[in-house]
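Student: no FASTA, just this:
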């Protein structure tokens with residue numbers, strides 16, 4: 001997915017997680033969810049520009065329906081150059 005944010009902008013990104021069949025929503029009860037921003041999706045996780053986890057920016061809002069929400073704060077986006085978010 002691509003998101004376009006301005007420097008210093010806040011955002012709430014809602015995501016629905018599906019099982020491997022791509023049709024059934026995953027049950028996120030007790031799940032560990034990570035949200036990462038990378039320059040290139042193929043980059044290793046260790047090169048992520050930003051990482052959010054459950055309890056630190058990620059909230060599972062409807063576990064049985066597979067819904068979670070990630071909050072990006074102004075400080076998350078303020079120190080990033082435009083190229084970091086392309």
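Tutor: All right, it came through fine. Owing to the predicted nature of the structure, the values given are computational and were not obtained by experimental measurement.
Student: what about the residue nearest to the spatial centre of the chain, which helix or strand?
Tutor: Residue closest to the average C-alpha location in the chain (C-alpha atoms, centre = their mean): residue 35, at 3.1 Å. Secondary structure assignment for residue 35, by DSSP states H and E: strand 34-37.
Student: what residues does that strand touch?
Tutor: Counting by C-beta atoms under 8 Å, 6 or more residues apart in numbering, strand 34-37 makes contact with 13, 15, 45, 48-53, 57-58, 70, 84-85, all of which sit outside it. Bear in mind the C-beta positions are built from the backbone N, C-alpha and C, glycine included.
Student: any low-confidence regions in this structure?
Tutor: Counting by pLDDT under 70, the ranges of the chain that qualify are 1, 80-86.
Student: Now, of the contacts of strand 34-37, which are buried?
Tutor: 50, 52, 57-58, 70, 85 (16 or more other C-beta atoms under 10 Å).
Student: where do the helices sit along the chain?
Tutor: Chain-ordered helices for the chain, with DSSP state H as the definition, fall at 74-78.
Student: So which residue of it lies furthest out from the middle?
Tutor: For the chain, the residue at maximal distance from the C-alpha centroid (C-alpha atoms, centre = their mean) is residue 21, at 21.1 Å.
Student: what are the phi and psi values for that residue?
Tutor: Per-residue torsions, residue 21: phi -70, psi -10 (degrees, to the nearest 10).
Student: ok, now how distant is it from residue 68?
Tutor: Applying C-beta to C-beta, to the nearest Å, one obtains 19 Å for the distance of residue 21 from residue 68.
Student: And residue 20, by the same measure?
Tutor: Relative to residue 68, residue 20 is positioned 18 Å away (criterion: C-beta to C-beta).
Student: Of the two, give the one with the bigger neighbour count.
Tutor: Taking residue 20 and residue 68 together and counting by other C-beta atoms under 10 Å, residue 68 has the greater number of neighbours (22 against 7).
Student: Without its sequence neighbours, what residue ends up closest to that one?
Tutor: Once its chain neighbours are removed from consideration, residue 68 has its nearest residue in residue 60; the separation is 4.8 Å (C-beta to C-beta, 6 or more residues apart in numbering).
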